[in-house]
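Novice: Quick one, what's the 3D model for this:
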Amino acid sequence: MATGAQPRAGIWTTRWTTLTLVLIPVGIAINFVGKFVAQALKLPLWLDSIGTVLAAFIAGPWVGALTGALNNIIYGLTVDPVSFWYFITSVGIGLSAGIMARLGFIRTTARAVVAGLVVALVATVVSFPINIYLWGGQTGNVWGDALFTALTLRGVPLWLASFLDELAVDLPDKVLTVLIAFGLFKALPRRLLSQFQLGEGELRHTA
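Specialist: Take a look at the predicted model:
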């Protein structure tokens with residue numbers, strides 16, 4: 001390694017600075033905007049994790065997890081208490097997005113799609129048991145619940161129908177979420193990214 005070069009950040013490395021702490025409410029605000037846009041346009045998507053994923057891309061999995069957790073707490077206190085139930089889902093989204101970023105899956109658009117698929121799978125695995133407990137397995141999403149109804153009428157086990165219901169929503173939602181966050185990340189100045197413990201090697205691969 002050249003003298004004076006920054007070390008490559010480990011998967012769990014986090015630089016807890018004032019800038020990092022400022023990033024968290026910014027991420028939460030982006031989440032709220034994404035959810036508002038999805039609801040205003042009546043999209044069959046949530047788009048409520050863009051800020052969580054972006055924070056994870058920039059500062060790592062712990063920051064992503066904290067952004068997601070606080071997002072659900074704030075939303076639960078101010079808008080919808082049901083948000084508390086999905087606290088662990090948002091943590092999983094932040095952790096998985098940050099890990100994928102640190103493993104190099106924000107270097108190209110194709111890799112970002114793979115990251116989106118992983119985040120979608122994590123969100124689905126965590127969420128569908130909650131859906132079964134709260135809603136009898138449904139998500140409240142028109143696409144997913146139509147699939148759920150069709151599957152249950154054909155005798156598919158509840159857990160599998162619920163899993164596929166959630167997956168049918170999370171796949172497009174999380175892939176699009178990750179791609180939007182990826183686009184925002186690529187637009188950020190390298191000088192700014194270097195303040196979040198990204199080494200020169202990672203900056204070169206994300207350019």
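
Novice: When you work out contacts or count neighbours from here on, use the C-alpha atoms and nothing else.
Specialist: Fine.

Novice: and the next element down the chain from the helix ranked longest in the chain?
Specialist: Counting residues, the longest helix in the chain under DSSP state H turns out to be helix 158-187. Going down the chain from helix 158-187, the next helix or strand is helix 190-193, by DSSP states H and E.

Novice: Buried by neighbour count: which residues of that next one qualify?
Specialist: By neighbour count with 16 or more other C-alpha atoms under 10 Å, helix 190-193 contains the buried residues 190, 193.

Novice: just to revisit the earlier point, averaged pLDDT, the longest helix of the chain. What do you get?
Specialist: For helix 158-187, the mean per-residue pLDDT is 98.

Novice: Helices of this protein, start to end?
Specialist: 18-40, 50-59, 61-78, 87-102, 109-135, 142-153, 158-187, 190-193, 200-206.

Novice: Can I get the ones you listed in CSV including distance to W12?
Specialist: Conversion of the helices of the chain to CSV gives the following (distance: least, C-alpha to C-alpha, whole Å):
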stretch, distance to W12
helix 18-40, 14
helix 50-59, 10
helix 61-78, 7
helix 87-102, 8
helix 109-135, 17
helix 142-153, 34
helix 158-187, 19
helix 190-193, 16
helix 200-206, 14
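
Novice: Please identify the most buried of those helices.
Specialist: A comparison of the helices of the chain by mean neighbour count, using mean count of other C-alpha atoms under 10 Å, puts helix 50-59 on top with a mean of 32.

Novice: helices or strands next to it in the packing?
Specialist: Packing contacts for helix 50-59, counted by 3 or more C-alpha pairs under 8 Å, 6 or more residues apart in numbering; DSSP states H and E, involve helix 18-40, helix 61-78, helix 87-102, helix 158-187.

Novice: Quick check: L121 touching L167?
Specialist: Yes: using C-alpha atoms under 8 Å, L121 is in contact with L167, at 7.1 Å.

Novice: what about P157, how many neighbours?
Specialist: 12 (other C-alpha atoms under 10 Å).

Novice: Phi, psi for it please.
Specialist: Main-chain dihedrals, P157, degrees, to the nearest 10: phi -50, psi 150.

Novice: ok, now T13?
Specialist: Backbone phi and psi, for T13 under degrees, to the nearest 10, turn out to be phi -70, psi 130.

Novice: now the closest residue to it other than its chain neighbours: how far from L66?
Specialist: Leaving aside its sequence neighbours, T13 sits nearest to G60 (C-alpha to C-alpha, 6 or more residues apart in numbering; 6.9 Å). G60 sits 10 Å away from L66, going by C-alpha to C-alpha, to the nearest Å.

Novice: Good, wrapping up.
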